[in-house]
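**Student:** quick one, structure for this:
(chains A and B)
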Amino acid sequence: MFEGAPMANEPEDELERLFASEEAAIRDDGFTQRVVEISARQGAWRRTAIYGAGMAGFGMAVGGIVEMSPYLPAMDFSGWTETMDTAARTVSANASLQGASDATLMAVAAVIAGVTCLIAAVAVQSR
Amino acid sequence: MSATDPGELDLTQAAMAGDQKAFGQLVARHQASVRALSRRLTRSVSDGDDVAQAAFLTAWRRRSTWRGGSFRAWVCAIAYREFLNGRRGEISAAEIEDQAGVGDDTGERVDLTRAMKDLDDGERVAVSMCLGAGLSHGECALAMGAPLGTVKSWVLRGRAKLQKALAAYESA
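**Tutor:** Below is the predicted model:
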């Protein structure tokens, strides 16, 4: 598939002709195929590892939320934004008045952490 | 085949964007140069091919770090770093034989291999990169992390030594 590719150099003097002749004597002998196969295998392993780590991070974040559910305020989605807003106001107004707002903030932090893990995984994968 | 060759540039850009087929074509195109360079650096066929393979795989893995320019010069620089990263080892007489006695080597190629042994490390690397792999002095200086003037004098001195040695072999 990759055999018979053109040579890279055009010799200019006797010494370069000798170097070029040495280079021309190197046959591919499956070298290219081997490199391509290994690089494909490495890519697959890398993808699995990185997406796996990203999904694990997301799973742990979601698991953390589930574990915290007894301590969270009622999960009424209509009031979700209001709850977050209240929590934020409460924390900024008085750090000692935490409790339910702490749990809400932790849940938000966990979700952010999970999403960050996924974005990092995608970013690292594309490098 | 230069970095300005549009076919080469397109192929390199495609490979660096993750196109495995384009990468394969680049490897096929440059494997002889990179393997020849690596064999000269390690003074061994088998070690040289290992270094060349590692260099291409590193190039693929780190393709996002390619900042334009010649693919061959970039991989040669990686091969040089791979060589420095502990792959050099001790050079035994058997390994030198390994290179000198490879396959259908002609007498003059064996002479070149022998003459290369008499060069200093810097001269050998610079000559291998510039005269062998066809890198410019600037690309070689960048790859070796050496001043441009030093690389130029290594190449000049190395070339003179090689020519003298080859002339001596010829007259003997």
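**Student:** any stretches of chain B with poor pLDDT?
**Tutor:** The model of chain B has pLDDT under 70 over residues B:1-6, B:86-109, B:172.
**Student:** just the helices in it please.
**Tutor:** Secondary structure of chain B by DSSP state H: the helices cover B:6-16, B:20-42, B:45-61, B:71-82, B:93-100, B:107-117, B:121-127, B:137-144, B:148-171.
**Student:** got the residues of chain B near chain A?
**Tutor:** If contact is defined as Cβ under 8 Å from any Cβ of the partner chain, the residues of chain B in contact with chain A are B:1, B:20, B:23-25, B:27-33, B:35-36, B:49, B:52-53, B:56-57, B:60-61, B:64, B:72, B:102-106, B:108-109, B:112-113, B:131-134, B:159, B:162-163, B:166. Every residue, glycine included, has its C-beta placed from N, CA and C.
**Student:** for the helices of chain B, which one sits closest to A:R27?
**Tutor:** Distance to A:R27, taken as Cβ to Cβ, is lowest for helix B:20-42 among the helices of chain B, at 8.3 Å.
**Student:** what helices and strands are in contact with that closest one?
**Tutor:** The contact analysis (3 or more Cβ pairs under 8 Å, 6 or more residues apart in numbering or on different chains; DSSP states H and E) places helix B:20-42 against helix A:14-24, helix A:31-68, helix B:6-16, helix B:45-61, helix B:71-82, helix B:121-127.
**Student:** can you mark which positions in the last one are buried?
**Tutor:** Buried residues in helix B:121-127, counting neighbours by 16 or more other Cβ atoms under 10 Å in any protein chain shown, are found at B:122-127.
**Student:** please apply the same query to the longest one.
**Tutor:** By neighbour count with 16+ other Cβ under 10 Å, helix A:31-68 contains the buried residues A:31-36, A:39, A:50, A:54, A:57-58, A:61, A:64-65.
**Student:** kindly provide the distance from A:A107 to A:S39.
**Tutor:** 42 Å (Cβ to Cβ, to the nearest Å).
**Student:** kindly apply the preceding question to B:R67 instead.
**Tutor:** Going from B:R67 to A:S39 by Cβ to Cβ gives 20 Å.
**Student:** picking that back up, pick the one among the buried residues of helix B:121-127 closest to chain A.
**Tutor:** Proximity to chain A was ranked across the buried residues of helix B:121-127 by Cβ to the nearest Cβ; first place goes to B:V127, at 8.5 Å.
**Student:** let me see the contact set for that closest one.
**Tutor:** Shown here is B:V127, whose contacts under the criterion Cβ atoms under 8 Å, 6 or more residues apart in numbering or on different chains are B:116, B:119, B:154-155, B:158-159, B:162.
**Student:** could you redo the last one with a cut-off of 10 Å?
**Tutor:** Listed by Cβ atoms under 10 Å, 6 or more residues apart in numbering or on different chains, the contact set of B:V127 reads A:15, A:19, B:40, B:115-116, B:119, B:140, B:154-159, B:161-162.
**Student:** leaving out sequence neighbours, find the closest residue to residue 115.
**Tutor:** Just going to use chain A. Setting aside the residues directly before and after it, A:V115 is nearest to A:F58 in space (Cβ to Cβ, 6 or more residues apart in numbering or on different chains), at 7.6 Å.
**Student:** try chain B instead
**Tutor:** Closest residue to B:A115 in three dimensions, ignoring its sequence neighbours and counting by Cβ to Cβ, 6+ apart: B:A165, at 3.7 Å.
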